[in-house]
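Novice: Quick one: sequence plus predicted model below, questions after.
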Amino acid sequence: MSESSSLVGPAATVTEGRAFLTAVWAIVWKDLRIEQHTRQTISVMVMFSVVTVVMFNFALEANLDAARNVATGLLWATILLAGTLGLNRSLAIERENQTIDALLMAPIHRNAIYIGKVISITLFTLALEAILVLLFIVFFDKPLWRPVVLLVLVLGTIGYVAAGVIVTSMTIQTRSREVLLPVLLLPLSLPLVLPAATAVATYMFPQLPAWGEVQSAVYIVIIYDLLMLTAGFLTYHFVVES
Amino acid sequence: MMISPRLDKSVRIFNWAAAISIFIALLIVFFYAPVEKTMGNVQRIFYFHVGSAWVGAVAFFVALAAGILYLRNNNRKWDTLALASVEIGLVFLTMATVAGSVWGKPAWNTWWLWSPRLTLITVAWLTYAAYFMLRGAIEDEERRGRFAAVYVIVAFVTIIMAYLSVRILRDIHPVVVGGTMESAQGASEGLQEFSGLDSAKMGITLMASTTAFSFLYVAWLLNRIRLQQLADAVKDLKIQVTTRLQGEHA
């Protein structure tokens, strides 16, 4: 940003845009490398999810029919809860190691940090979802591999993490820390999860439904994603200042 | 600085305006508004239900605007305004929900349904209730104001989503303002018993009750701001007393 300020017009915009993308990529790459070495975030999320699924099976008294009917809701509930773990982990590491201060001192746009974090945590959550989808196909025998289902999972995860990075960046700076996150984030993400879960549930029958049946639900998910990313873009630098 | 005399005066004016307009609205609702054809007298709940829901939405919008203004110029009065507006918005939202539930019993034969609209209103209620948890967890005043302002902006997304979703998804709950094809389709399928206003008198009554609730909102808002200013003044006085006492001892 500082070197390109001497340029004017479209050339400056292009250079700044490229610098922004480079910064985003650097942050995503950094997070993936940390995860590659420590394997803390994804493994915690996966373990937690498996325990949750087993626990729910126990609650449903191994009644497979009942479990099948609630499978999509269970899938989303598990993703949301495991997601709070991933968000807390990934953003708390930055605080513990004080790397967030280094990131803030770097001559990059604050929103590059936001987008980088959203992308890396979305990737972690998608990795978890890949495993969960496999498990659910095995446990509940539901056609979760259908492209529209996977599309809704990806879109839903983006919106959830976009809201999550903003909220978690605030909660880790408060007194109650981890306790506060689900209380703030879960209600905030329900307008996204409800249509997403409805859309996934529509695809759980043997015959393929028409696109028109889920169209409006998918649009609502996309609108939520755009609104949350915009809100995050506009407010992120206010929550990381100290 | 204590309370400005101008605020004191507006508090008094709006207290009276709210009391009188609520009384007039009650008279209009019970004696002027006609009896609805299919639902009978129960439909009179409509004027309270829609009036309070409408004012609740306005309150959250005011909180959003105050949040944006706080982030822009860091003035404490915007934080106070946002806090007051969220509190009162929650009260109005609760009033609308209770009134709707009382109406739901005769209309749908149940107090509660998990239809998209009712679900999303519950979600919005929870989101704004969590606002106070966030405030309570932060000690530093400047940071509390900043985070609360960010949260109130993010939380408004749930209001937008509730507004959009009920106009996109099919629902048993009628859409009175800006209804679309899906809700009209729901009505024609007999999903909704009550499809809106069928006489000009009803429109006038709705206007009267909404105006009365708006006066009530402003009155509560001013009272709440006054209360917050008094609390802040007390805090300042305490600090002054403490520093003076410490000075005497030293």
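Specialist: Received it, and whenever you're ready, just let me know what you need.

Novice: For the residue most central in space within chain A, report the pLDDT, please.
Specialist: Most central in chain A under C-alpha atoms, centre = their mean is residue A:161, positioned 3.1 Å from the mean C-alpha point. pLDDT, residue A:161: 96.

Novice: Also the one 4 residues further on?
Specialist: In this model, residue A:165 is scored at 95, pLDDT.

Novice: give me every residue that touches it.
Specialist: Residue A:165 makes contacts with A:87, A:91, A:114, A:117, A:118, A:121, A:232, A:236, as judged by C-beta atoms under 8 Å, 6 or more residues apart in numbering or on different chains. Any C-beta I mention is one placed from the backbone N, CA and C, and that applies to glycine too.

Novice: Try it again at 6 Å.
Specialist: Counting by C-beta atoms under 6 Å, 6 or more residues apart in numbering or on different chains, residue A:165 makes contact with A:117, A:118.

Novice: before we move on, what about residue A:100?
Specialist: Per C-beta under 6 Å, 6+ apart, neighbours of residue A:100: residue A:94.

Novice: separation between it and residue B:207?
Specialist: For residue A:100, the distance to residue B:207 (C-beta to C-beta, to the nearest Å) stands at 52 Å.

Novice: Check which helix or strand the closest residue to residue B:127 other than its chain neighbours maps to.
Specialist: Among residues not flanking residue B:127 along the chain, residue A:187 sits closest, at 4.4 Å (C-beta to C-beta, 6 or more residues apart in numbering or on different chains). Using DSSP states H and E, residue A:187 sits within helix A:180-202.

Novice: Residue B:118 now?
Specialist: Assigned by DSSP H and E, residue B:118 falls in helix B:116-136.

Novice: Are there helices or strands packed against that helix, and which ones?
Specialist: Of the remaining helices and strands, those touching helix B:116-136 by 3 or more C-beta pairs under 6 Å, 6 or more residues apart in numbering or on different chains; DSSP states H and E are helix A:180-202, helix B:76-108, helix B:141-168.

Novice: So which bits of stretch B:80-90 are buried?
Specialist: By neighbour count with 16 or more other C-beta atoms under 10 Å in any protein chain shown, stretch B:80-90 contains the buried residues B:80, B:81, B:82, B:83, B:84, B:85, B:86, B:87, B:88, B:89, B:90.

Novice: Just give me the neighbour total for residue A:67.
Specialist: Residues lying near residue A:67 (other C-beta atoms under 10 Å in any protein chain shown) number 18.

Novice: Residue A:19 too?
Specialist: When neighbours are counted by other C-beta under 10 Å, residue A:19 registers 18.

Novice: which one of the helices and strands packed on helix B:116-136 is the most hemmed in?
Specialist: Among these, helix A:180-202 has the highest mean neighbour count (mean count of other C-beta atoms under 10 Å in any protein chain shown), at a mean of 23.

Novice: Tabulate the CA atom coordinates of it in CSV.
Specialist: Coordinates of each C-alpha in helix A:180-202 appear next as CSV, following Å, rounded to 0.1, in the frame of the first residue of the first chain:
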residue,chain,number,x,y,z
LEU,A,180,-19.5,-16.0,25.2
LEU,A,181,-18.9,-17.1,21.7
PRO,A,182,-21.7,-19.7,21.2
VAL,A,183,-24.2,-17.3,22.9
LEU,A,184,-23.4,-14.6,20.4
LEU,A,185,-22.7,-16.6,17.3
LEU,A,186,-25.3,-19.3,17.2
PRO,A,187,-28.4,-17.0,17.1
LEU,A,188,-26.6,-14.8,14.6
SER,A,189,-26.0,-17.7,12.3
LEU,A,190,-29.5,-19.2,12.5
PRO,A,191,-31.0,-17.1,9.7
LEU,A,192,-28.4,-18.8,7.5
VAL,A,193,-28.6,-22.3,8.9
LEU,A,194,-32.4,-22.6,8.8
PRO,A,195,-32.7,-22.2,5.0
ALA,A,196,-29.5,-24.2,4.5
ALA,A,197,-30.8,-27.1,6.5
THR,A,198,-34.1,-26.9,4.8
ALA,A,199,-32.4,-27.1,1.4
VAL,A,200,-30.2,-30.0,2.4
ALA,A,201,-33.3,-31.8,3.8
THR,A,202,-35.1,-31.5,0.5
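
Novice: what's in contact with it?
Specialist: Contacts of helix A:180-202 (C-beta under 6 Å, 6+ apart): A:72-73, A:76, A:84, A:149, A:152, A:156, A:159-160, A:163-164, A:167-168, A:171, A:174, A:209, A:213-214, A:217-218, A:220-221, A:224, B:120, B:123, B:126-127, B:130, B:133, B:137, B:158, B:161.

Novice: before we move on, back to that, could you export the helices and strands packed on helix B:116-136 as TSV, including mean pLDDT and distance to residue A:140?
Specialist: Converted to TSV, the helices and strands packed on helix B:116-136 look like this (pLDDT from 0 to 100; distance: least, C-beta to C-beta, whole Å):
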stretch	mean pLDDT	distance to residue A:140
helix A:180-202	91	12
helix B:76-108	92	33
helix B:141-168	90	28
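
Novice: could you check the distance from residue A:13 over to residue A:230?
Specialist: 20 Å.

Novice: And residue B:163, by the same measure?
Specialist: The spacing between residue B:163 and residue A:230, counted by C-beta to C-beta, is 16 Å.

Novice: Ok, residue B:9 next?
Specialist: 41 Å.

Novice: Repeat that for residue A:184.
Specialist: Taking C-beta to C-beta, one finds residue A:184 at 19 Å from residue A:230.

Novice: So which bits of chain A are right by chain B?
Specialist: Proximity of chain A to chain B, by C-beta under 6 Å from any C-beta of the partner chain, involves residues A:166, A:170, A:174-176, A:180, A:183-184, A:187-188, A:190-191, A:216, A:220, A:224, A:227, A:231, A:235, A:238-239.

Novice: Any stretches of the chain with poor pLDDT?
Specialist: Since no chain was named, I'll use chain A. A:1-9, A:62-64, A:242 (pLDDT under 70).

Novice: Wait, chain B was what I had in mind.
Specialist: Within chain B, the segments meeting pLDDT under 70 span B:1-2, B:170-171, B:175-198, B:250.
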